[in-house]
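Engineer: pasting the sequence and the predicted model now:
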Amino acid sequence: MPAARTTLKIAIRSDAGPPYEQLRDAVRAKIVRGALAPGDRIPPVRTAAVELGLAPNTVARAYRELEQTGWLQGRGRAGTFVADPIPVTGDPADALRSAATVYLRRARALGFDDDAAIAAVRAHR
């Protein structure tokens, strides 16, 4: 089953630096928080540009930088997706929390509660 495309729902402010940097940083923050999980499809450049009120080249630049640093993966006509695995930057504990958040989110989507998800990890050791 193909991954559902999400909307980015990001506010770009005129007084907060270059728009492509705001978009790049906001997408990366959503990935770290688990709001965007590995395999999630993000809107195409033109769609995101319209949603965010930005020029397509601005969105393309942010996506390109996120692809080059391993956060996103372009799959040609299939779209752009959150990469898997998520790159580890900064504090490894933050990366672990992010991975745990993504795992629990997926387990819940499958109908399992947190206890069942944790039991599955323990049984897998």
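Structural biologist: Sure, I can see it.
Engineer: where does pLDDT dip in the chain?
Structural biologist: 1-5, 85-89 (pLDDT under 70).
Engineer: and the longest helix along it, what does it pack against?
Structural biologist: With secondary structure taken from DSSP state H, the chain has its longest helix at helix 92-109. Counting contacts by 3 or more CB pairs under 8 Å, 6 or more residues apart in numbering; DSSP states H and E, helix 92-109 is packed against helix 19-33, helix 114-124. In this view, the C-beta of every residue, glycine as well, is placed from N, C-alpha and C.
Engineer: can you do 6 Å?
Structural biologist: Packing partners of helix 92-109 (3 or more CB pairs under 6 Å, 6 or more residues apart in numbering; DSSP states H and E): helix 114-124.
Engineer: just the buried positions in the helix it packs on, please.
Structural biologist: Buried residues in helix 114-124, defined by neighbour count with 16 or more other CB atoms under 10 Å: residue 117.
Engineer: dump it to PDB, keeping only the CA atoms.
Structural biologist: Extracted C-alpha coordinates of helix 114-124, given in PDB (Å, rounded to 0.1, in the frame of the first residue of the first chain):
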ATOM      1  CA  ASP A 114       2.300   0.900  24.200                       C
ATOM      2  CA  ASP A 115       2.700  -2.100  26.500                       C
ATOM      3  CA  ALA A 116       2.300  -4.600  23.600                       C
ATOM      4  CA  ALA A 117       4.800  -2.600  21.500                       C
ATOM      5  CA  ILE A 118       7.400  -2.700  24.300                       C
ATOM      6  CA  ALA A 119       6.700  -6.400  24.900                       C
ATOM      7  CA  ALA A 120       7.400  -7.000  21.200                       C
ATOM      8  CA  VAL A 121      10.800  -5.300  21.500                       C
ATOM      9  CA  ARG A 122      11.700  -7.200  24.600                       C
ATOM     10  CA  ALA A 123      10.700 -10.500  23.000                       C
ATOM     11  CA  HIS A 124      12.900  -9.700  19.900                       C
END
